[in-house]
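A.B. asks: Predicted model and sequence below, questions to follow.
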2 protein chains.
Amino acid sequence: MTAPAIDLIGVDGDDTLWHNEAYFRLSEARFAELLSPWADTDTLTERLLATERSNLDHYGYGAKAFVLSMVETALDVTDRRVSGAVVGELLALGKQILAQPVELLDGVNATLPVLAEIAPLVLITKGDLIHQDAKVAGSGLGDHFSGVEIVSEKDVDTYRRVLAQYGVAPARFVMVGNSVRSDVLPVLELGGAAVHVPIEHGWVHEHADLPAGARCCEAEGFRDVPRCVRDVAAR
Amino acid sequence: MTAPAIDLIGVDGDDTLWHNEAYFRLSEARFAELLSPWADTDTLTERLLATERSNLDHYGYGAKAFVLSMVETALDVTDRRVSGAVVGELLALGKQILAQPVELLDGVNATLPVLAEIAPLVLITKGDLIHQDAKVAGSGLGDHFSGVEIVSEKDVDTYRRVLAQYGVAPARFVMVGNSVRSDVLPVLELGGAAVHVPIEHGWVHEHADLPAGARCCEAEGFRDVPRCVRDVAAR
């Protein structure tokens, strides 16, 4: 078997290497419970998502942005009559997310060394800078990576900049991640390849359809990623 | 005159290249005004600083961290009786900071090209990732820099990591910035040189004394930075 023509493998962090969304979904449920005297769960969830989206340009991604959007939604839904006690609970939810120990996803520990034998790995992740730094440290996975890039958005420009920095041609790059929107589509657009590792309950904001026939592969869990990388590299 | 033995010049962003603290100080004054029925200005400022410090490990630096600490302090000071209207005002203050257009400090535009002739420049800044990205873009200064490093803390380890990434020996690196604590002391400890460009009303958290006799120089405004860089490079 010839070595795949890949010089660098990008790997996403949240919900690719470790659990993340689940903590946000739990906080969202608690948010709906706290505000239940004012509106039903569906309305609250919808309003919160709308607030998060409208704040994205200014707040970006991550737990601090999420808490600020929860507080803003609580003020809106209650016509500013929400109690200080509830606002205090919302801040506490954010601190819980930030203090959550890192839990690796199934197969990650065993599979990363295999992946690192194919090509050098770079972690490319978005969210709160300090929280992502803490998660990388807490994951114990840092040694597998040649570099860590914490970015504010994962679009074509971001990937172009990172690849230029590492001196790697897009055609010789594979990105591995759970988000079609952030980990797959921009990399394909740039001329790279991608491996999609779906999670069960992704954030609706990140949903997008996988393009057919492109240089991308859908992995069945993280253990299946090396097969997929070799597969797209050969195309 | 021989060329200074410097391979890389690091430049801080907030309050070195552009105004920053002033917006936080204005928000702090407004915070004290909003909470004035509950406590006097000195008490409120002190309590806010204490909250910011205790949240630093989890929230890091920047506008989102600042707003969350303002809300938390408001809850504490009022025993959770703060009104939703006031909480809404605090969120609005944060959005104002984030939406503030970038205002360059005096002499920056004229002096950066001079500095870039001495050695390549790298912007090393801490704070909200998305906000710092926006400020770099809004400053129009991006082209002067070989790289931009947005970091969660500016300590010895951070500078060591950045210098390793750029392949530069600490002895051949000068850091330019307004904070003795973040821009000067860790770089001197690592064996580099530093140029301190003081601002008038710095955040008390960043205060520290400048060490005597070390490879550092105090610039009188940004226009004086090239002289200082040449001065410390020759030592």
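C.D. replies: On my side now, so go ahead. Numbers count the residues shown, from 1 in each chain, chains lettered A, B, ... in the order given.

A.B. asks: which residues touch A:N55?
C.D. replies: By Cβ atoms under 8 Å, 6 or more residues apart in numbering or on different chains, the contact set of A:N55 is A:65, A:68-69, A:72. (Each C-beta comes from the backbone N, C-alpha and C, glycine too.)

A.B. asks: okay, which residue of chain A is out on the far edge from center?
C.D. replies: The outermost residue of chain A relative to its centre, with distances by Cα atoms, centre = their mean, is A:R81 at 33.9 Å.

A.B. asks: Give me the pLDDT for that one.
C.D. replies: pLDDT, A:R81: 97.

A.B. asks: from memory it sits against B:A85, does it?
C.D. replies: No - A:R81 is beyond contact range of B:A85, at 9.4 Å (criterion: Cβ atoms under 8 Å).

A.B. asks: Domain map for chain A?
C.D. replies: A:8-18+A:102-234, A:21-99 (automatic domain parsing).

A.B. asks: how about the first one against chain B, any contact?
C.D. replies: When you say that, I think you mean domain A:8-18+A:102-234. Yes - under the criterion of Cβ under 8 Å from any Cβ of the partner chain, domain A:8-18+A:102-234 makes contact with chain B via A:128-131, A:133, A:147, A:150-153, A:165.

A.B. asks: just to revisit the earlier point, how much space separates the closest residue to the residue farthest from the centre of chain A other than its chain neighbours from A:V87?
C.D. replies: Counting by Cβ to Cβ, 6 or more residues apart in numbering or on different chains, B:G84 is the residue found nearest to A:R81 once chain neighbours are left out, at 5.7 Å. From B:G84 across to A:V87, the span is 8 Å (Cβ to Cβ, to the nearest Å).

A.B. asks: Which of the two has more residues huddled nearby?
C.D. replies: A:V87 (23 against 20; other Cβ atoms under 10 Å in any protein chain shown).

A.B. asks: could you list every residue that touches that one?
C.D. replies: Counted by Cβ under 8 Å, 6+ apart, A:V87 has contacts A:71, A:74, B:71, B:75, B:80, B:82, B:84, B:87.

A.B. asks: nearest to A:F222, of those residues?
C.D. replies: A:V71 (34.9 Å; Cβ to Cβ).

A.B. asks: Next one: the closest one, what pLDDT does it get?
C.D. replies: Looking at A:V71, its pLDDT stands at 98.

A.B. asks: So it, which state does it fall into?
C.D. replies: helix (DSSP: H, G, I helix; E, B strand; the rest coil).

A.B. asks: Next, the residue nearest to it when sequence neighbours are not counted: secondary structure please.
C.D. replies: Among residues not flanking A:V71 along the chain, A:L90 sits closest, at 5.4 Å (Cβ to Cβ, 6+ apart). Of the three states, A:L90 takes helix under three-state DSSP.

A.B. asks: any idea how far A:A137 is from A:L90?
C.D. replies: A:L90 is 27 Å from A:A137, by Cβ to Cβ.

A.B. asks: ok, the two, which is more surrounded?
C.D. replies: Taking neighbours as other Cβ under 10 Å, A:L90 and A:A137 compare with A:L90 leading, 23 against 11.

A.B. asks: dump the residue contacts of that one.
C.D. replies: Here A:L90 is in contact with A:31, A:34, A:67, A:70-71, A:74 (Cβ under 8 Å, 6+ apart).

A.B. asks: Can you mark which positions in stretch A:73-88 are buried?
C.D. replies: For stretch A:73-88, burial by neighbour count (16 or more other Cβ atoms under 10 Å in any protein chain shown) applies to A:73-78, A:82-84, A:86-88.

A.B. asks: which ones among these are found in helices?
C.D. replies: Taking DSSP state H as the definition of helices, the buried residues of stretch A:73-88 contribute A:73-77, A:84, A:86-88.

A.B. asks: Among those, find me the one that's closest to chain B.
C.D. replies: A:G84 (3.5 Å; Cβ to the nearest Cβ).

A.B. asks: who touches the closest one in this structure?
C.D. replies: By Cβ under 8 Å, 6+ apart, the contact list for A:G84 reads B:75, B:78, B:80-82, B:87.

A.B. asks: which of the residues you listed lies closest to chain A?
C.D. replies: Using Cβ to the nearest Cβ, the contacts of A:G84 come closest to chain A at B:R80, 3.5 Å.

A.B. asks: Measure how buried A:D155 is and give me the count.
C.D. replies: 15.

A.B. asks: how close does it sit to chain B?
C.D. replies: A:D155 sits 12 Å away from chain B, taking Cβ to the nearest Cβ, to the nearest Å as the criterion.

A.B. asks: swap in A:K135?
C.D. replies: Taking Cβ to the nearest Cβ as the measure, A:K135 and chain B are separated by 11 Å.

A.B. asks: what separates the longest helix anywhere in chain A from the chain centre, distance-wise?
C.D. replies: If you go by DSSP H, chain A has its longest helix at helix A:41-59. Its chain's C-alpha centre and that of helix A:41-59 lie 18 Å apart, by Cα atoms, centre = their mean, to the nearest Å.

A.B. asks: go on, stretch A:102-119?
C.D. replies: Stretch A:102-119 has its C-alpha centroid displaced from the chain centroid by 16 Å (Cα atoms, centre = their mean).

A.B. asks: Which residues does it contact?
C.D. replies: By Cβ under 8 Å, 6+ apart, stretch A:102-119 touches A:3-4, A:6-9, A:11, A:15-19, A:121, A:135, A:138-139, A:141, A:144, A:174, A:176, A:221-223, A:225-226, A:229-230, A:233.

A.B. asks: now swap in stretch A:151-171 and tell me
C.D. replies: Here stretch A:151-171 has contacts from A:5, A:7-8, A:10, A:60-61, A:122, A:124-126, A:147, A:149, A:173, A:175, A:179, A:182-183, A:186-187, A:189-192, B:129-130, B:133, B:147, using Cβ under 8 Å, 6+ apart.
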